[in-house]
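Engineer: Okay, predicted coordinates and the sequence, questions at the end:
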Amino acid sequence: ISSSGTAAATACCSPSFQLLRLYSILEHREERYLRRASELKVEVKKMLVQEKEVLSTVEELELVDDFQRLGISYHFEDEINQILASVYDHKYAGKNSEGKAKDLYSTALEFRLLRQHGFAVSQETFDTFRNEKGDFDSNLAHDTKGLLQLYEASFLSKPGEKTLDLAREFATNFLQKKFDENIDDENLAILVRHALELPIHWRVERPNARWFIEAYERRPDVNPLVLELAKLDFNIVQATHQQELKHVYGWWKQTGIAENLPFARDRMVECYFWTVGYFFHPEHRYPRMMIAKLNALITVIDDIFDVYGTLQELQLFNNAIRRWDVEAIDKLPNYMQICYLALYNLINETAYDVLKQQGLVIIPHLRKSWADLCRTYLQEAEWYFRGYTPTLEEYMNNAWISVSAPLTLSHVYFAAANRIENEVVGSLHKYQDIVRYSGMIMRLADDIATSPAEMKRGDVAKAVECYMNERGGSREEAEEYVRYLIDETWKKMNEGAAVAVAADDSPFLEDFVRIAADLGRTAQYFYQHGDGHGIQTPQIKERIPTLLFQPIF
Ligand SMILES: CC1(C)[C@@H]2CC[C@@]1(C)[C@@H](OP(=O)([O-])OP(=O)([O-])[O-])C2
Ligand SMILES: [Mg+2]
Ligand SMILES: [Mg+2]
Ligand SMILES: [Mg+2]
Ligand SMILES: [Mg+2]
Ligand SMILES: [Mg+2]
């Protein structure tokens, strides 16, 4: 795909805007590319039907896995559901199952994909690979591909599934050992290293698609149609994201907040990048841009509470948010007024759009989310100014909200609901567990990455510091425990998501549950190598342009 992309934007003052050297790859939105992409989608769908007769079950499952990791599965949801439903019926619902004992690789691949898509599959399926003592057979150690799939499958575990805990430990040990010794198949070695860094189940689809497209292209069995579609789709979606980024950046500049509050983080590009983690489908244009703007304001208000405001000023801001009355602005110090009014305008504009488009009045709900967020920010500030270190439990009961996940997810929920699901608007509380798990994963990933700098600058004790204060021990031990909590929370998320989707299979709810999980994944992606949002680690500086500005050729 040739592109005469040229840098279209002029460099600007703020560091993140300098990242924003826009390649004018608008051609990727041009008619000829859109037409080629739809031709390819038709050809791939035809291929799926034709090859259905010749592909084995495991080859069909490998296609599903590839499509998901290439970021193109959203074009083939019906085909994928049909494949998985027939695999499930064939194997799990007692119909004429092939009967022959499956190898570890296909058993684990099947288990992971079926459970990921909500099919009821039991961990007992792995019992055939355990010896009489209940341990996994050490002769499996030679099967690297099988161990890799077992490792990936183990992250779909729910609380109390001991077999999957055993599987995780067994596979991780052997994969780590093999990786240290060296794996002759270069492609497999790359997949193993990538998996040991973060498993597929914890990776957001879109930001990881580019990496996998490049890994897929190196494979001997690459399907040229699928590869061309994956690259073209990546570039077309990227061009859409660029248009949106230009819009939100223009909004951010006109607020004047960066100039007026120089102490606060100016991170519009990063704030937009977050939304591509949990909202990348092109049709989610409106919520993506609205949440990106919200993230920029959350970042600034978080800094007002964490870095700049006196306790008395923070109490004034908190009261103004609770009152939600533009008159309250008179009570605020100047530097807070611009932020308060920008927030007031954004929320009222969002509520206006939703009223116009969906016929729903959501202001009371959004006001409550903001009141909750500021209440938890103020609680942290009071603890800090008092020099009080909360217990880990006290801290987390407040911090899963202060990390802003409930605020983001309530805006997603109300902005995506529509008149038909009107009764749904009042029932977000039914998904409180899912929201809480998402907030906990985001909070714990954030604290491991950001608390060293936050402690230096002065901030409330975070999860790592609360744990050390309560239990003693080193920072490494505390970080190890926080990583254990992330793992345990993912098990609850896996169980909660399955229960929620089984109870109400409305596409709206299924999307909401996926977005809540993807919010946690995006945080793990952002904070994988340190504070990607605040300090802009070298990895984030490389990941943002490759996702948002550089097309794949
Ligand atoms: C939107 C966010 C990703 C979330 C709230 C503000 C953030 C930019 C980030 O910033 P941080 O300062 O680490 O939050 P906290 O630790 O002060 O809660 C945590
Ligand atoms: Mg889906
Ligand atoms: Mg902060
Ligand atoms: Mg904070
Ligand atoms: Mg604080
Ligand atoms: Mg932090």
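Structural biologist: Looks like it came in fine. Values in this document were obtained by computation on a predicted structure and should not be read as measured data. Numbering: from 1, shown residues only. Ligands and ions are numbered 1, 2, ... in the order given.

Engineer: Please report how far residue 64 lies from ligand 6.
Structural biologist: According to C-beta to the ion, to the nearest Å, residue 64 and ligand 6 sit 37 Å apart. From N, CA and C alone the C-beta is placed, and that goes for glycine too.

Engineer: Isn't that residue up against residue 80?
Structural biologist: Yes: counting by C-beta atoms under 8 Å, a contact exists between residue 64 and residue 80, whose distance comes to 5.2 Å.

Engineer: Around ligand 4, which positions in this structure sit nearby?
Structural biologist: Where the chain comes near ligand 4, counting by C-beta under 5 Å from the ion, the residues are 302, 306.

Engineer: which stretches of the chain have low pLDDT?
Structural biologist: Low-confidence segments of the chain, defined by pLDDT under 70: 1-29, 92-101, 417-426.

Engineer: In it, where's the longest helix?
Structural biologist: helix 224-255 (DSSP state H).

Engineer: quick one on the thing from earlier: any common contacting residues for residue 64 and residue 80?
Structural biologist: Counting by C-beta atoms under 8 Å, 6 or more residues apart in numbering, the contacts common to residue 64 and residue 80 are residue 73.

Engineer: residues in contact with the residue of the stretch 401-550 of the chain found nearest ligand 6?
Structural biologist: Of all residues in the stretch 401-550 of the chain, the one sitting closest to ligand 6 is residue 450 (3.3 Å; C-beta to the ion). Remark: with contacts taken as C-beta under 8 Å, 6+ apart, residue 450 is in contact with 462, 527, 531, 533-534.

Engineer: quick revisit: identify each buried residue in the longest helix of the chain, please.
Structural biologist: Neighbour counts over helix 224-255 (16 or more other C-beta atoms under 10 Å) mark 226-242, 244-245, 248-249, 251-253, 255 as buried.

Engineer: Quick one: name the residues of the stretch 451-553 of the chain near ligand 1.
Structural biologist: Contact residues, the stretch 451-553 of the chain versus ligand 1 (C-beta under 6 Å from any ligand atom): residue 533.

Engineer: Do you have the helices of the stretch 451-553 of the chain handy? List them.
Structural biologist: For the stretch 451-553 of the chain, the helices defined by DSSP state H, counting those that start in this stretch cover 463-471, 475-503, 507-526, 538-548.

Engineer: Which of the ones you listed sits closest to residue 438?
Structural biologist: For the helices of the stretch 451-553 of the chain, the distance to residue 438 is smallest for helix 507-526, at 4.2 Å, taking C-beta to C-beta.

Engineer: how far is the closest one from where the chain is centred?
Structural biologist: Chain-centre distance of helix 507-526: 5 Å, with C-alpha atoms, centre = their mean, to the nearest Å.

Engineer: and residue 459, what does it touch?
Structural biologist: 306-307, 380, 384, 451.

Engineer: hey, where'd the strands end up in this structure?
Structural biologist: Assigned by DSSP state E, the strands in the chain number zero.

Engineer: Could you tell me the phi and psi values at the spatially most distant residue from the centre of it?
Structural biologist: When distances are taken from the C-alpha mean of the chain, residue 132 lies farthest, 39.8 Å away, according to C-alpha atoms, centre = their mean. Reported as degrees, to the nearest 10, the phi and psi values for residue 132 are phi -60, psi -20.

Engineer: ditto for the one 5 residues further on
Structural biologist: Here the main-chain torsion angles of residue 137 (degrees, to the nearest 10) amount to phi -60, psi 130.

Engineer: give me the number of residues near it?
Structural biologist: Residues within reach of residue 137, counting by other C-beta atoms under 10 Å, total 13.

Engineer: That one is in contact with residue 129, isn't it?
Structural biologist: Yes: judged on C-beta under 8 Å, residue 137 makes contact with residue 129 at a distance of 5.9 Å.

Engineer: who touches stretch 305-322?
Structural biologist: Defining contact as C-beta under 8 Å, 6+ apart, one finds that stretch 305-322 is touched by 261, 263-264, 301, 304, 328-329, 331-333, 335-336, 340, 343, 370-371, 374-375, 377-378, 380-382, 385, 454, 457-460.

Engineer: what's the answer for stretch 36-56, then?
Structural biologist: Applying C-beta under 8 Å, 6+ apart, the contact partners of stretch 36-56 are 60, 63, 75-76, 79, 83, 223, 225-226, 228-229, 232-233, 236.

Engineer: Right, I'll leave it there.
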